[in-house]
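J.: give me a 3D structure for the following:
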Amino acid sequence: MVRLGTGDRIMIVFIYTFLILLGFSTFYPFWNGLVISFNQGTDTSMGGITFWPREFTFENYAVVFKDERLMRGFVISVLRTIAGTIGAILCTAIFAYGMSKADLIGKKYYMIMCIITMYFGGGLIPTFFLIRGLGLVNTFWVYIIPGLISVWNMIIFRTFFRGLPAGLEESAKMDGCGNWGTFFRIVIPLSGPVIATLSLFTAIAHWNDWFAPSIYVSNENLLPIQTILRQILDSNIVSEQTANLDSFAQSKLNAMKSVTSRSLTMATMMVATIPIICVYPFVQKYFVKGVLVGSLKE
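T.: Coordinates of the predicted model:
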């Protein structure tokens, strides 16, 4: 057993103290928002709400869940995240599988063209004209089609595919599998870690995106919850938040004098944040293995 000197012990104490303070400073804003969302709004406006609700209530969430606009935005966000993630991972993986082939004609030039798109873009206005020309403005597909291919994810996929034993594909072809059969029956089942990792990153990007809908979508029925939340934060007044409530929710709000703009905003933020956080524990074990294998092995 190695005995630590005084200097080593002081350093360990310093490191753990620093990490604890860093973790606390990162977690506390989320915890405080959660506490405020469960506290009466009028009581919150008096200040002093830190670690626990002073006047516990579900009224803020009652208003949120009765707001048809927010619930519709939540459904749009869920559908967009699921469809966008599946479509992006599938299309990017297929693209990367082709790019991983050594006998692909013109592979070098295709790769150069892909790399250029990582550093240079057309700009907001030309992109808007392109999206409008494709007929995607004010449609659900504007969330899905533009993000089907990610060059960065393609590079990770490609490197991972190139690290797979060549004998597996050769054996599959000897058994009668074509390119599609080899891809779906051999390559994809072996790519679990990198698929899980990139799927999470893609899902988070779809879930948190509020900017694209604010540019390409003016139909309120197609706005995701993050864009609606952004509008609430910009307005910061409860009247705009409750203008689209149905009659039942409006009567409930009138009876709930303790609901304020801040408490309602915090409750909406929790509804928009907690679902994607719950996904992390299921794929966290794949992070290091998936990203490192896909990005470092050559």
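J.: relative to residue 119, how far out is residue 112?
T.: The spacing between residue 112 and residue 119, counted by Cβ to Cβ, to the nearest Å, is 11 Å. In short, each C-beta sits where N, CA and C put it, glycine included.
J.: quick one: which of those two has more around it?
T.: residue 112 (9 against 6; other Cβ atoms under 10 Å).
J.: what residues of stretch 268-275 count as buried?
T.: 268, 269, 270, 271, 272, 273 (16 or more other Cβ atoms under 10 Å).
J.: now do the same contact list for the fifth one.
T.: This points to residue 272. 74, 77, 225, 226, 229 (Cβ atoms under 8 Å, 6 or more residues apart in numbering).
J.: by neighbours, which of those wins?
T.: Neighbour max across the contacts of residue 272 (other Cβ under 10 Å) = residue 77, 27 neighbours.
J.: pull the CA atoms of stretch 222-231 into CSV?
T.: Only the C-alpha atoms of stretch 222-231 are listed here, as CSV (Å, rounded to 0.1, in the frame of the first residue of the first chain):
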residue,chain,number,x,y,z
LEU,A,222,-45.5,23.4,-36.6
LEU,A,223,-43.4,25.2,-34.0
PRO,A,224,-41.4,23.0,-31.7
ILE,A,225,-41.4,23.6,-28.0
GLN,A,226,-37.9,25.2,-27.9
THR,A,227,-39.0,27.9,-30.3
ILE,A,228,-42.2,28.5,-28.3
LEU,A,229,-40.1,28.7,-25.1
ARG,A,230,-37.8,31.2,-26.8
GLN,A,231,-40.8,33.4,-27.6
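J.: in that stretch, which residues are buried?
T.: 222, 223, 224, 225, 226, 227, 228, 229, 230, 231.
J.: the buried residues of stretch 268-275 in helices, which ones?
T.: Mapping the buried residues of stretch 268-275 onto helices (DSSP state H) picks out 268, 269, 270, 271, 272, 273.
J.: of all those, which comes closest to residue 15?
T.: Checking these against residue 15 by Cβ to Cβ gives residue 273 as the nearest, at 29.7 Å.
J.: how much space separates residue 55 from residue 64?
T.: For residue 55, the distance to residue 64 - Cβ to Cβ - is 18 Å.
J.: the two: which has the busier surroundings?
T.: residue 64 (24 against 15).
J.: now the more buried one: which helix or strand?
T.: Per DSSP states H and E, residue 64 falls inside helix 59-66.
J.: and that helix, what's buried?
T.: 59, 60, 61, 62, 63, 64, 66.
J.: confidence score at the fifth one?
T.: Model confidence at residue 63, given as pLDDT, is 81.
J.: for residue 274, list the residues it contacts.
T.: So residue 274 contacts nothing (Cβ under 8 Å, 6+ apart).
J.: rank the helices and strands of the protein by mean pLDDT and give me the bottom one.
T.: helix 238-241 (a mean of 47; mean pLDDT, DSSP states H and E).
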